[in-house]
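Asks: sequence first, predicted model second:
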Amino acid sequence: MTRSVERSGTFQLAGKAEGQALVFSQSLSFWGGIDAETGEIIDHSHPGLGQNVAGKILVMPSGRGSSSSSSVLAEAIRRGTAPAGILLQRPDPILAVGAIVAEFLYGISMPLVVCEVAGIVPGDDIAIDVGADGAAVIRKV
C-alpha cells in the first residue's frame with residue numbers, strides 16, 4: 001500500500017486504530033487459533049503460527065468460525081491482547097459479535113472493517129479512521 005493511497009471501507013464496528021499490518025491470505029479462527037491470554041497464534045495449521053496479533057492491524061479474507069470465536073475475541077479485547085483493529089475482505093458476523101460485546105461490556109472498541117485488502121503488506125503501518133461520512137478510512141502512515 002503506497003503512502004498516498006487511501007481506501008474506504010464499511011465498519012462492522014466503528015473506531016480508530018493504528019498498528020503494524022499482520023497480513024494473512026488464509027483466514028484465522030480465534031477459537032483454537034488465538035491464545036486470548038497472550039495474543040499468540042496457536043493454530044498449528046495456520047501459516048501465522050507463533051506470531052502475535054496484539055496491537056497489530058490483522059488483515060485477512062474473513063474470520064473462520066467457530067461461533068465461539070466471538071467469545072475469544074471479546075476476552076482478548078478485555079485483556080489487551082487483541083488486534084488494534086481487523087480488516088477483512090468479507091464481512092464476518094462472528095467477529096463482529098465479539099467486538100460489539102467487548103465494547104458493550106468493557107467499553108473497549110476495536111474497529112472491524114470490511115474493505116479491499118489487496119496491496120496491504122506485512123509490516124505496513126496502518127491507520128483506521130472514521131471519515132466525514134461515517135465510512136472507514138484506511139491509510140498507510
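Replies: Looks like it came in fine. Owing to the predicted nature of the structure, the values given are computational and were not obtained by experimental measurement.
Asks: quickly list what the residue nearest the centre of the chain is bridged to.
Replies: With distances taken as C-alpha atoms, centre = their mean, residue 86 lies nearest the centre of the chain, 1.6 Å away. With DSSP bridges as the criterion, residue 86 is bridged to residue 58, residue 112.
Asks: distance-wise, check it relative to residue 73.
Replies: Distance, residue 86 to residue 73, by C-beta to C-beta, to the nearest Å: 9 Å. Quick note: C-beta positions are derived from backbone N, CA and C, even for glycine.
Asks: overlap in contacts of those two?
Replies: Counting by C-beta atoms under 8 Å, 6 or more residues apart in numbering, the contacts common to residue 86 and residue 73 are 95, 99.
Asks: can you show me the helices along this structure?
Replies: With DSSP state H, the ranges of helices along the chain come out as 69-79, 93-106.
Asks: could you check how far the last one is from the centre of its chain?
Replies: Right, helix 93-106. Mean-position distance between helix 93-106 and its chain equals 12 Å (C-alpha atoms, centre = their mean, to the nearest Å).
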